[in-house]
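1. with the sequence up front, the predicted model follows.
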Amino acid sequence: MLRKLIVALGAMLAVPLALAQGTIKIAVIGPMAYVQGENHWMGAELARDDINKTGGISVGGKKLKVELIRADSNEIQSVSDATNAMERVITRDKADFIVGGFRSEAVLAMQEVAMDYKKLFLGCGAADAKLGENVETNYERYKYWFRVTPTKSADLGRTLFAVLGSIAGQIRTELKKETPKVAIVAEKVLWTEGIVKALQANLPKMKMEVVGLWQPSPTATDVTAELSAIERTGADIVFTAVSGPVGIVLGRQMGERKMKAIAFGINVEAQKDGFWEATAGKGNYVSTLDTYGMVEVSPLMIPFVKEFEARFHKSPTYNAATYDAIMDLKVAIEQAGSTDADKLVPVLEGFKDVVGTSGTLPSWDKRHDPVWAVGKTSGIAVEWQDGKKVPFWPPQIKGMQPFKLP
Amino acid sequence: MLQDILVTGLVNGGVYALLAIGFSLIFGVARIVNIAHTAFYMLAAYCFYTLLVRVQVPGALAALISVVAVTALSVLCYRLVIEPVREHESAVLIATIALALIFQELMLFSYGGNFLGIPSAVEGVLTVFGVSIPYQRLLILVVAAAMLIGTWLLLYRTRLGLAIRATANDLEVANLMGMNVHRVAMATVAISVALAAIAGVVVAPVFVVDPFMWLTPLVTMLAIVVLGGLGSLKGSLIGALIIGYVEAITVFALPQGAFLKGATALSIMVVVLLVRPEGLFGVVFEEER
């Protein structure tokens, strides 16, 4: 009994001890063997160094340094590995805050663990709307969750329609086709269902013709048959909603076939620097939504991208917005003068027009999702042109370049 | 649409056939349930990628080194892992699953989970009946045909082939007849893995290279070998074409069900097995043997 009491006492003392030693522990959780986790970590490292260079975070007149905990969730392979990692960083590593997460199914499960322990969890990867809906339906339990990037899936849809309208306009002007034909290629997974329904319902209203829907498996490594069928339809646009290797294969095989249609949509693999090499240089004209680029979406974006590239020799993906998440925490802690999650939640909820590296956050809504706004939280669209990822939307942002048709 | 199905099915069937030949040899002929077979295919793809893209070794030399290195590794694995438990099929099964997972994790550790691409050996596209076919896929068809003929000649026109078939037919009798059954088994593994490695080098450029690329082909290969009839090379070829055509028909006839193409192909296999448990050419093979 005495021994158990001593262990419990030790555990209770652990958190204040960390603070007493002058550190705030932030766990960075993500699939560390993958690009997503790498970017979570690299963005967080930059934030830690920038904060610690200035002495740390001010809490009640005292400067506390940021200490990062690297947690490999292995969430692409296993949801249970992800929840175990979350449990470990909270109970063993005594993390004060958590940032990261990528795969919606895993983040939903990790959200439960973080909420059990009333830990602030700032998401930097998952788009599923359910994460925010939880906050709305059971505020007291889920109020410790905030989404930093990307916007929720419905808002991603809004961005897609805006970009698609712009591309269709260019096709009408340059190719003299009044009703561009659109072939939809969407992985057969949960997150694409809403997007597919919205496309089928709205594209005719936008004077575009849907010529077919192809739904390969997310793990498909060959889309020869699909592309043969799409070529027959004479599609001008191949709308993609893909997150797995099929995004690479699609880009490569379209390039090999010298298809005249352009691929646009969400193609997670096309957001990565390695896409060009992975497609063996065949991924020209593949376009996708993205977050970072050498454009002035916010005053901090270009300096951040430059610093990131100089240090890590690669460009950041949207998961690197762990930088923004940690900076948000810093601002909130300094305003509240405390690291107590219950005191930080109202401060974060009161954020207005916070300038980050990934954009400008107008505010969080009642679901703790970023409020969607073009040129602020909508992200950007990029096109691969001769080995370079060229940003082209929103066109009013400084630094955007023309979108090219094949 | 018919020409699309005919051409696409043939090309995809060729890809599967190349992968299935080695698997048919090891699984069907030598009766070694080598689950790591497609993991060797994955290793060859990584080896080829490293040499060709990172070290900038010329393509032909990179391919040769990859095939030889992976084949040598398979011999080592056979001596250390498979041979000691070869008498127990379930132990071989588990040991080779473990091997495959070790290879997978090693690649994940070394290269990360990123998807990598290998440039095609031959660039360009041929248009047949209005259907575009990249030359790399035609190369796969040619290599698959060559490997099939080569393997058949090896099995039925050489003493080693006779020994392999005899050992597979009755290990004890072959042993009593003075054959070194362990050496024959090792040779079978080496030939089979060499075929997998050739597939890795030739097929990987049309897919993507990643640590999990061995899983999907494994299921498809099992389906093809069982569908065609255990140990029948002819059966493997026909099985591969059937799977290729079924997948093409699924995608063209039911675009929204494109994700079902794998499941449809496996369903066909189940139906064939229900009607003909020995597979399409299983009996013919037994008679031949």
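-> Happy to help now that I have it. These figures come from a predicted structure and were not determined experimentally.
2. name the residues of the helix or strand containing B:Arg137 that come out as buried.
-> Counting by DSSP states H and E, the secondary-structure element that holds B:Arg137 is helix B:135-157. When neighbours are counted by 16 or more other Cβ atoms under 10 Å in any protein chain shown, the buried residues of helix B:135-157 are found to be B:Gln136, B:Arg137, B:Leu138, B:Leu139, B:Ile140, B:Leu141, B:Val143, B:Ala144, B:Met147, B:Leu148, B:Thr151, B:Leu155. Yep, even glycine has a C-beta here, placed from its N, CA and C like the rest.
3. nearest to B:Ala17 among these?
-> Nearest to B:Ala17, judged by Cβ to Cβ, of those is B:Ala144 at 4.5 Å.
4. show me the contacts for A:Ala27.
-> For A:Ala27, the contact set (Cβ atoms under 8 Å, 6 or more residues apart in numbering or on different chains) comprises A:Leu68, A:Ile69, A:Ala71, A:Val89, A:Ile90, A:Asp93, A:Ala95, A:Phe97, A:Ile98, A:Val99, A:Gly100.
5. filter these to the buried ones?
-> A:Leu68, A:Ile69, A:Ala71, A:Val89, A:Ile90, A:Ala95, A:Phe97, A:Ile98, A:Val99, A:Gly100.
6. after the helix holding B:Arg137 comes which helix or strand?
-> Per DSSP H and E, the helix or strand that comes after helix B:135-157 is helix B:159-169.
7. CA atoms only: put that next one into PDB for me.
-> The C-alpha trace of helix B:159-169 is given here as PDB (Å, rounded to 0.1, in the frame of the first residue of the first chain):
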ATOM      1  CA  ARG B 159      18.400 -32.800 -65.500                       C
ATOM      2  CA  LEU B 160      17.900 -30.100 -62.900                       C
ATOM      3  CA  GLY B 161      14.300 -29.700 -64.000                       C
ATOM      4  CA  LEU B 162      13.800 -33.400 -63.800                       C
ATOM      5  CA  ALA B 163      15.300 -33.400 -60.300                       C
ATOM      6  CA  ILE B 164      13.100 -30.500 -59.200                       C
ATOM      7  CA  ARG B 165      10.000 -32.300 -60.400                       C
ATOM      8  CA  ALA B 166      11.000 -35.600 -58.900                       C
ATOM      9  CA  THR B 167      11.800 -34.100 -55.600                       C
ATOM     10  CA  ALA B 168       8.500 -32.300 -55.600                       C
ATOM     11  CA  ASN B 169       6.700 -35.500 -56.500                       C
END
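8. hang on, the earlier thing: for chain A, tell me which of the buried residues of helix B:135-157 show up nearby.
-> Of the entries in the buried residues of helix B:135-157, the ones placed beside chain A under the rule of Cβ under 8 Å from any Cβ of the partner chain are B:Gln136, B:Arg137.
9. so which of the buried residues of helix B:135-157 is the closest to A:Glu307?
-> Each of the buried residues of helix B:135-157 was scored against A:Glu307 by Cβ to Cβ, and B:Gln136 proved nearest at 40.4 Å.
10. with adjacent residues omitted, what lies nearest to the closest one?
-> In space, B:Gln136 comes closest to B:Ser120 once its chain neighbours are excluded; the distance is 4.1 Å by Cβ to Cβ, 6 or more residues apart in numbering or on different chains.
11. before we move on, the earlier item: CSV for the buried ones among the contacts of A:Ala27, including pLDDT and secondary structure?
-> Listed next are these as CSV, based on pLDDT from 0 to 100; DSSP: H, G, I helix; E, B strand; the rest coil:
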residue, pLDDT, secondary structure
A:Leu68, 98, strand
A:Ile69, 97, strand
A:Ala71, 97, strand
A:Val89, 97, helix
A:Ile90, 97, helix
A:Ala95, 97, coil
A:Phe97, 98, strand
A:Ile98, 98, strand
A:Val99, 98, strand
A:Gly100, 97, strand
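12. which pair in the residues you listed spans the largest distance?
-> Of all pairs drawn from the buried ones among the contacts of A:Ala27, the one with the longest distance (Cβ to Cβ) is A:Leu68 and A:Ile90, at 14.9 Å.
13. okay, now the unreliable bits of the stretch 1-150 of chain A?
-> Within the stretch 1-150 of chain A, the segments meeting pLDDT under 70 span A:1-21.
14. could I get the full set of helices for it?
-> With DSSP state H, counting those that start in this stretch applied, the stretch 1-150 of chain A shows helices at A:2-20, A:35-53, A:79-91, A:104-116, A:130-137, A:139-142, listed in chain order.
15. domain map for chain A?
-> Domain assignment for chain A, taken from automatic domain parsing, gives A:2-150+A:297-361, A:154-290+A:379-393.
16. I'd like the ones you listed as CSV, with distance to B:Val7 appended.
-> Output for the domains of chain A, formatted as CSV (distance: least, Cβ to Cβ, whole Å):
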stretch, distance to B:Val7
domain A:2-150+A:297-361, 35
domain A:154-290+A:379-393, 8
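17. before we move on, the earlier item: for the buried residues of helix B:135-157, which one is nearest A:Phe351?
-> The closest of the buried residues of helix B:135-157 to A:Phe351 turns out to be B:Gln136 (Cβ to Cβ; 52.2 Å).
18. before we move on, which element is the closest residue to A:Gly283 other than its chain neighbours in?
-> Computed as Cβ to Cβ, 6+ apart, the closest residue to A:Gly283 that is not its neighbour in sequence is A:Gly251, at 3.8 Å. Applying DSSP H and E as the criterion places A:Gly251 in helix A:246-256.
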